[in-house]
Each structure stands twice: as C-alpha cells, then as structure tokens.
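Enquirer: Task: produce atomic coordinates for the following.
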Amino acid sequence: MDAVELARKLQEEATCSICLDYFTDPVMTACGHNFCRECIQLTWEKAKGQKRRRKQKGSFPCPECRELSPQRNLRPNRLLTKVAEMARQHPSLHSRDLCQVHKELLKLFCEDDQSPICVICRESQEHRPHRVVPIEEAVQEYKLKLEKDMEYLREEMMKTGNLQAKEEQTLAEWQEKVKERREHIMVEFEKMDLFLMEEKQRLLQALKKEEEEMVAKLQKSIALLEQQSHSLEMLLLQLEDKNERTPLQKLQDMKDLLSRKNNLSVQYPEATTTKLKTVCRVPGQIEVLKNFQEDVMPDPTTAYPYLLLYESRQRRYLSTPVDGTACGKDRFLAYPCVVGQETFSSGRHYWEVGMNLTGDALWALGVCRDNVSRRGRVLKSPENGFWVVQLCKGKRYAPTMSALIPITLTEPPSHMGIFLDFEAGEVSFYNVNNGSHLHTYSQPAFPGPLQPFFCLGAPKSGQMVISTVTLWVKG
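Expert: Sure, this is the predicted structure:
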C-alpha cells in the first residue's frame, strides 16, 4: 500500500460515520463501533421521541449495525482520539486535497482546464479528451515556472523599490524647492510692498510739494491783486469824492491826485498753468495688466464706410463698402468709428492701441454698449453708452463727460492701454509709454455687454493700430 492509500485509509478510520468529519471525543459502543460522543448522544435523543417498543428498556440501536447498546456502556476511545488528531494534521488529508464531487484524492492535473482532478474525473466525459498528467509531474513543471516568475517578481520588486525610493527623494526635493520658492515669493512681494509703499509716499510727497508751491504762488498773486485792488479802490473813492465837490474845491489838490493816478502802477500776473506735473504711475502695473491681455480685432462689418482697415498679418484690406454700397444696420455712419469683434459681459480684459497721429488729430478710445446708436451723432458719454477718452484739437485729452478737472497732456500718447473690469464696473486708461494712469470710469454696474470702441476723427489724422490691423480714414 502506497503512502497515499495509507493516508486515505487513516482518514477513513478517523472519520465519524454520523457527522462525516474527524472524530471529536470518540466513544465506543458495546458492539465495537466508534462515534463522536455528541453525535451518538444526539442520535439516541432523537430515538427517545419515537413511539415504538424496544426489546430492552434503556437500550438504543447502533447506527452502524442496529445492535442494541446500553447508553451507559459508552467507553472513551483514547487511541482513536490520537488517530483523529494525526489525521487532522496530515497535510495530504485536508479537504482541499479531495475532489469536491467524488471525495477522492486529487492525483491528476488537467492541463487544458489548469486544475487538479481525481481518477474518476479523468474518466468523465468532460476531461476524457483533455491532456492529463500526474500531479507530481505537473508540480515539478510548474515549480520551475513559479521559481522563474518569483525571480522576475523579485527583480521587479527591487526595481519598484528603487523607483519608489527615487520618487520619494524627488518628492522631498520638490517640496523643498516649492518651500524655497514660496519663501522667495513672499520675500520678493514684501520687498515690492515696501518699494510700492515708498514709491507711494514719494509720489504723495511730490504731489504735496507741487500743491504747496502752486498754493503759495496763487496765494501770493491773490495777495498782490488784493493789495492792488485796495489801492485802486482808495484812489477811486478819493477821485469820486473830489468829483462831487464844487469847482473850486475840485481844483484844490488836483495836481496831487492826478500825480498819484499817473504814478499808479497796475500789474497783472501771468496766467498760472494748473497742469499737474506729478503723474499717477504704479511700477509694474502695466506688466500685471498684460496678464489679462486680449487679441482684440476690429469688426470690418461695423466700420464707417471710409474707414480703411488693413490686416498686416494677411497683407490685405478687410472688406469695406465703396461709395453707393448699401450699409448694414451695424455699420457706423455718423463718425469714422468701428467696434471690436469681441463682446464682453464678464471678467477682466486688457488691450493696447498704437497711434501714429498728427497734432490736430481727433480720436476716441474705450468701450461702448453693443447696442449704441450708429447712425446719428450723439455725445460719447456713459449716459449714451460710451466709456471713452478722446483727444480734441488743442491737445486736450479728457473723458467725454462733464469732468471737474479734464486731463491735459503736452502731447498725445503713442501707445494706449485700456483695462475693463466688468464685475467692478470700471474702465481704466493708461499711457503705456511711461506706465501712467490717465483716467478711470467707475459705476456700480454696466447696463449690458460691452465692445471695444475706436474712433479716428477725420482724413489725414494719422493711423491707429489695433493688434495686427491698421486704421486710417480715406481722404
């Protein structure tokens, strides 16, 4: 008998015929059969409830041979207890080593199904056409494969571990770089905050000094004029008094009065220019605004009939109507104006306009509502849907609304920046050449969508450049 059959025999001897499991606290009946103590007691308890006569009262039949056995004659079988324990610990007697269908040892391996089978399974219709080998042969073959796979997995684990360590190092280095950059940003912005505060104080001090100098100059001029006015008033009163007297009294002291009048020196101060020299210039502001820069393009379908648009990137003129051509409802007819193709109803937007203009040029820049009047002449004011600045003859540059102090420049800027903050209700204008702020419109909210607005006055006013498009008025 081989080891497998011997193990199988041991399993059969160590199995209770009632529960079909290894013995637990085995006992022997008078007839010599063995059962688990709990199993035989439960069996006899059930037999008590059956209403049938027994030949001997207090005796019960053996489940194996039906021979009557007194319940009190159950004797513990210590040897069988040890055999059952040995069977439990035997590696080849585990339930996983038995066929689930036939309860036979799994001795063969089906290579088609890649699963162990028993000898009865081998003869079944299912496995008969399959390639079957002994379990030991299959184990040997797969042992080599498993060893190869385990070696591969060990190598991959080593690679993975090395990569993980490298990634962890990279993570630590990255976090250190981020920490250093964060500290650098904070330090630089703190320095910038300090610099901006110092620049703010410098500009405010310069403005205060300019204010004090102008106030002192004007107050001195006012004092001189007040003194001169007082002298003139006193002399006038004397002359009026002399004029009311009798002819003889008029002639008295006349020479002195006339001499005082002739010697009176009336002086008028030169007109004082109240143009502010201190400009509002925040360092780096234009660079910050460029983060919101848009590639604004004029819409040729809205252009004034004689406003020419040349697209330098494509080297062609954009479509503009000729004399006599019917004009659409979106085209400006009252002024040489055009709006951008973009419509803004939210967010922040910045664009720049280059200008090569003559000294007497008339122009306007800014934003307008998308439904402004395009056929009639209207004042370009917020009330009419225009938020623009313009240059009039005489080089007066001011918002086209009733401003208390219109902005005046010595010469028109050659590079303008327009910044729209829709949610804030603000449109701001900047001289890109020197970074100075020119004007800001501010209201609680805009009444609707806005479009970039451009107006170029009259023929021979020069040129205006928006992105890659050049505008000028046909003469």
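
Enquirer: so how far is Q285 from the residue nearest the centre of the chain?
Expert: Nearest to the mean C-alpha position of the chain, by C-alpha atoms, centre = their mean, lies G347 at 14.0 Å. As judged by C-beta to C-beta, to the nearest Å, G347 and Q285 stand 19 Å apart. C-beta here means a position set from N, CA and C on the backbone, and glycine is covered the same way.

Enquirer: And the particular helix or strand that has K145 in it, what does it pack against?
Expert: Using DSSP states H and E, K145 maps to helix 135-243. Packed against helix 135-243 by the contact rule (3 or more C-beta pairs under 8 Å, 6 or more residues apart in numbering; DSSP states H and E) you find strand 108-110, helix 247-251, helix 254-263.

Enquirer: excluding its backbone neighbours, what's nearest the residue nearest to the centre of the chain?
Expert: F422 (5.9 Å; C-beta to C-beta, 6 or more residues apart in numbering).

Enquirer: was I right about the one you found contacting P447?
Expert: No - judged on C-beta atoms under 8 Å, F422 makes no contact with P447 at a distance of 11.6 Å.

Enquirer: Neighbour count: the two, which is higher?
Expert: Relative neighbour count places F422 above the other of F422 and P447, with 18 against 10, counting by other C-beta atoms under 10 Å.

Enquirer: what's the more buried one in contact with, if anything?
Expert: 344-349, 446, 450 (C-beta atoms under 8 Å, 6 or more residues apart in numbering).

Enquirer: any idea which of the residues you listed has the most stuff around it?
Expert: For the contacts of F422, neighbours tallied by other C-beta under 10 Å; top is L450, 24 neighbours.

Enquirer: separation between it and G366?
Expert: 9 Å.

Enquirer: what is in contact with those two at once?
Expert: Common neighbours of L450 and G366 (C-beta under 8 Å, 6+ apart) are W387.

Enquirer: Let's verify Q314: helix, strand, or coil?
Expert: coil (DSSP: H, G, I helix; E, B strand; the rest coil).

Enquirer: V339 too?
Expert: With three-state DSSP as the criterion, V339 reads strand.

Enquirer: Could you shift the numbering so residue one becomes 529, and keep it that way?
Expert: Got it, first residue is 529 now, which makes that one V867.

Enquirer: Using CSV, list the CA coordinates for stretch 907-924.
Expert: Output of stretch 907-924 as CSV, limited to C-alpha atoms (Å, rounded to 0.1, in the frame of the first residue of the first chain):
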residue,chain,number,x,y,z
LEU,A,907,-22.4,112.7,-27.4
LYS,A,908,-19.9,109.9,-26.5
SER,A,909,-20.8,109.8,-22.8
PRO,A,910,-21.7,107.0,-20.3
GLU,A,911,-25.3,108.2,-20.5
ASN,A,912,-25.3,107.3,-24.2
GLY,A,913,-23.4,104.0,-23.7
PHE,A,914,-19.8,105.2,-24.3
TRP,A,915,-17.0,105.0,-21.8
VAL,A,916,-14.1,106.6,-23.8
VAL,A,917,-11.4,109.2,-23.6
GLN,A,918,-10.7,111.4,-26.6
LEU,A,919,-8.2,113.9,-27.9
CYS,A,920,-9.6,117.2,-29.2
LYS,A,921,-7.9,120.0,-31.1
GLY,A,922,-5.6,121.9,-28.9
LYS,A,923,-4.2,118.6,-27.4
ARG,A,924,-6.9,118.4,-24.8
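
Enquirer: Buried residues of that stretch, list them for me.
Expert: Residues of stretch 907-924 classed as buried by neighbour count (16 or more other C-beta atoms under 10 Å): 908, 910, 913-920.

Enquirer: of the residues you listed, closest to Q755?
Expert: C920 (38.6 Å; C-beta to C-beta).

Enquirer: Spit out the contact partners of W1000.
Expert: 835-836, 984, 989-992.

Enquirer: tell me which residues form a beta bridge with it?
Expert: L836 (DSSP bridges).

Enquirer: biggest strand in the protein, by residue count?
Expert: For the chain, the strand with the greatest residue count under DSSP state E is strand 876-885.

Enquirer: Would you mind listing the buried residues in that strand?
Expert: Judged by neighbour count using 16+ other C-beta under 10 Å, the buried positions of strand 876-885 are 876-881, 883, 885.

Enquirer: For the helix or strand following that strand, name the packing helices and strands.
Expert: Moving toward the C-terminus from strand 876-885, the next helix or strand (DSSP H and E) is strand 891-897. Counting contacts by 3+ C-beta pairs under 8 Å, 6+ apart, strand 891-897 is packed against strand 876-885, strand 914-920, strand 943-949, strand 954-959, strand 978-983.

Enquirer: Adjacent strands (with direction) for the very next helix or strand once past the fourth one?
Expert: Following the chain from strand 954-959 toward its C-terminal end, the next helix or strand by DSSP H and E is strand 964-970. Sheet pairing for strand 964-970, assigned by DSSP bridges, gives strand 808-809 (antiparallel), strand 954-959 (antiparallel).

Enquirer: and the angle for the last one with strand 978-983?
Expert: When you say that, I think you mean strand 954-959. 40 degrees (axes from the mean of the first three to the mean of the last three C-alpha atoms, to 10 degrees).

Enquirer: and strand 954-959, what's its mean pLDDT?
Expert: The pLDDT scores in strand 954-959 average 93.

Enquirer: and if you look at the first one?
Expert: Per-residue confidence for strand 808-809 averages out to 84 on the pLDDT scale.

Enquirer: quick one: contacts of that strand?
Expert: Taking C-beta under 8 Å, 6+ apart as the rule, strand 808-809 contacts 731, 962-965.

Enquirer: send the alpha carbons of stretch 944-963 over as PDB?
Expert: Output in PDB follows, covering the C-alpha atoms of stretch 944-963 (Å, rounded to 0.1, in the frame of the first residue of the first chain):
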ATOM      1  CA  MET A 944      -2.600 103.500 -25.100                       C
ATOM      2  CA  GLY A 945      -3.800 100.700 -22.800                       C
ATOM      3  CA  ILE A 946      -7.400 100.000 -21.900                       C
ATOM      4  CA  PHE A 947      -8.400  97.800 -19.000                       C
ATOM      5  CA  LEU A 948     -12.000  96.600 -18.500                       C
ATOM      6  CA  ASP A 949     -13.100  95.100 -15.100                       C
ATOM      7  CA  PHE A 950     -16.700  94.200 -15.900                       C
ATOM      8  CA  GLU A 951     -17.700  93.000 -12.400                       C
ATOM      9  CA  ALA A 952     -16.100  96.000 -10.700                       C
ATOM     10  CA  GLY A 953     -17.900  98.400 -13.200                       C
ATOM     11  CA  GLU A 954     -14.600 100.100 -14.200                       C
ATOM     12  CA  VAL A 955     -12.800 101.100 -17.400                       C
ATOM     13  CA  SER A 956      -9.300 102.500 -16.900                       C
ATOM     14  CA  PHE A 957      -6.900 104.100 -19.400                       C
ATOM     15  CA  TYR A 958      -3.100 104.100 -19.300                       C
ATOM     16  CA  ASN A 959      -0.200 105.700 -21.100                       C
ATOM     17  CA  VAL A 960       1.800 102.500 -22.000                       C
ATOM     18  CA  ASN A 961       4.900 104.600 -22.800                       C
ATOM     19  CA  ASN A 962       5.500 105.700 -19.200                       C
ATOM     20  CA  GLY A 963       3.100 103.400 -17.300                       C
END
